[in-house]
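1. heads up, no residue letters with this:
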């Protein structure tokens, strides 16, 4: 195992006007392997001038890109999906090194983004307008979906391949230009995807990349030439981005934090329910906005807790490149936060059924590892229930009836996703109809839809009325222009003035 820091780690460049540019900033951050603490690269916090240059590049490129034929745009994304498939192993290895998730999960990260790239190649059928003939005598009305201009994407650390691929392919396919700000914690796989996009034929200036923190985000929110901002990340930052961008007159969509409940009825298929629940809770070390972080055991399903804990204890913790069940958390700070919340849960009266603190991984003494942890006897007033832990921690709440479970889920301020495990169609239908959550799984623990649909988190998990990818994001990245036309040969053409609009 290699734990040493590279003597001269490479510097991550900016992308402006199709050129890879080394930032002139004095502020840099290390990109660190969370299993070894090896410094993989250094990422710049771009200057205000560099952010402005990236936006100016996108604005200049928009003039011609917006008129590029649909077929030309589509073929770029057909090529990009081919390149991503060819580079899948390399992309997954890079993602694992900088983010920590297992190789298998890293490939899933890339693949779920690849699905959106494939969908972007079909933009011609997604961006069609409407036509009505003879809305009045000799008058026709039709609509076209026009691109907005410069769009921005701000992406999180937990899905450094999937989330960028949710954003820039659909925006660019719709005729917009784009400025991407990847997570400063792990931008390396994102940059590889950007290189593949250029190789696929994205013209200079159509896709630009800047790096940084709060100052860069604020500069993008404030820039007058930016028309729309897509964000995925924490609730605190997402709320800030939405408010600041909206006040600046921009469209904004912000996918934020969550507290997703998996409700288990006693008639569920026990083996399948427990296995899926554990995968949804502890996969990606719990660092998913759609992780099943609360298990609601209904009635006699409470008796399944010992078996659930035994299965969780058997999960293997290790470095992502060794393809265990659970990899490390993304940073030392993330680990300390999770450990602090576990301790807070115990202090608040939760029962520590399985303790993943202090887990040791051979050959990786410095890794940010926390093993699967289960806290039972949790009540809604505890910090471990109220806060998004974002780690391999499953909290258990017990209720007597499905009605109580539904009331519990609906009382939570978040609305990203929920799941019900049952073999009763009647129970499933009642749950689906009464639950106030944007994405519902029936015997599906993480109900993230494929790109034929849209991501539809709701309530406290989302700001903005349109979600990323699918049909909704085409609406987000375009504006409707309505044209009413008339080609006539009547009295108006030979000098008669009409002061009243005729609809005959």
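-> It's in. Predicted, not measured: the structure shown is a model, and the values here were computed from it.

2. Name the helix or strand of the protein that has the lowest mean pLDDT.
-> helix 123-126 (a mean of 89; mean pLDDT, DSSP states H and E).

3. Identify each buried residue in it, please.
-> 123, 126 (16 or more other CB atoms under 10 Å). In short, each C-beta sits where N, CA and C put it, glycine included.

4. Could you check how far it is from the centre of its chain?
-> 22 Å (CA atoms, centre = their mean, to the nearest Å).

5. pLDDT below threshold where in the protein?
-> The model of the chain has pLDDT under 70 over residues 1-7, 489-495, 501-504.

6. And the residue nearest the centre of it?
-> In the chain, the C-alpha nearest the mean C-alpha coordinate belongs to residue 163, at 4.4 Å (CA atoms, centre = their mean).

7. just checking, next helix/strand downstream of the helix or strand that that residue is a member of?
-> Assigned by DSSP states H and E, residue 163 falls within helix 162-173. For helix 162-173, the following helix or strand on the C-terminal side (DSSP H and E) is strand 177-181.

8. coming back round to it: for the residue nearest to the centre of the chain, give me its contacts.
-> Listed by CB atoms under 8 Å, 6 or more residues apart in numbering, the contact partners of residue 163 are 113, 153, 155, 156, 232.

9. one more time with 7 Å, if that's ok
-> By CB atoms under 7 Å, 6 or more residues apart in numbering, the contact set of residue 163 is 155, 156, 232.

10. Out of these, which sit inside strands?
-> Using DSSP state E, the subset of those located in strands is residue 232.

11. so where do the strands sit in the stretch 51-200 of the chain?
-> Secondary structure of the stretch 51-200 of the chain by DSSP state E, counting those that start in this stretch: the strands cover 131-136, 139-147, 150-154, 177-181.

12. Quick one: those strands as JSON lines, columns for distance to residue 194 and mean neighbour count too.
-> Formatted as JSON lines, the strands of the stretch 51-200 of the chain follow (distance: least, CB to CB, whole Å; neighbours: other CB atoms under 10 Å):
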{"stretch": "strand 131-136", "distance to residue 194": "37", "mean neighbour count": "11"}
{"stretch": "strand 139-147", "distance to residue 194": "20", "mean neighbour count": "16"}
{"stretch": "strand 150-154", "distance to residue 194": "11", "mean neighbour count": "27"}
{"stretch": "strand 177-181", "distance to residue 194": "7", "mean neighbour count": "29"}
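
13. any chance of those strands in JSON lines, with distance to residue 348 too?
-> JSON lines is the format used below for the strands of the stretch 51-200 of the chain (distance: least, CB to CB, whole Å):
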{"stretch": "strand 131-136", "distance to residue 348": "61"}
{"stretch": "strand 139-147", "distance to residue 348": "51"}
{"stretch": "strand 150-154", "distance to residue 348": "34"}
{"stretch": "strand 177-181", "distance to residue 348": "37"}
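
14. Of these, which is nearest residue 442?
-> Proximity to residue 442 (CB to CB) singles out strand 150-154 among those, at 31.7 Å.

15. The closest one packs against which elements?
-> With contacts taken as 3 or more CB pairs under 7 Å, 6 or more residues apart in numbering; DSSP states H and E, strand 150-154 sits against helix 48-65, helix 162-173, strand 177-181, strand 226-232.

16. how about those, which one is nearest residue 361?
-> helix 162-173 (25.9 Å).

17. Next, the angle strand 226-232 makes with that closest one.
-> Taking axes from the mean of the first three to the mean of the last three CA atoms, to 10 degrees, one finds helix 162-173 and strand 226-232 inclined to each other by 160 degrees.

18. could you check the angle strand 150-154 makes with helix 162-173?
-> Between helix 162-173 and strand 150-154, the angle comes out at 170 degrees (the same axes, to 10 degrees).

19. Show me what counts as buried in stretch 188-199.
-> Buried, per 16+ other CB under 10 Å, within stretch 188-199: 188, 189, 190, 191, 192, 193, 194, 196, 197, 198.

20. Other residues contacting it?
-> With CB under 7 Å, 6+ apart, stretch 188-199 has contacts from 12, 15, 31, 40-41, 80, 83-84, 87, 91, 94-95, 98, 155, 160-161, 164-165, 182, 207, 209.

21. now do stretch 453-465
-> For stretch 453-465, contacts defined as CB under 7 Å, 6+ apart pick out 238-239, 242, 252-258, 413-417, 436-439, 448-449, 467-473.

22. Let's see which of those residues end up in strands.
-> 252, 253, 254, 255, 414, 415.

23. check contacts around the second one.
-> This points to residue 253. Taking CB under 7 Å, 6+ apart, we find residue 253 in contact with 230, 464, 466, 467, 468, 476.
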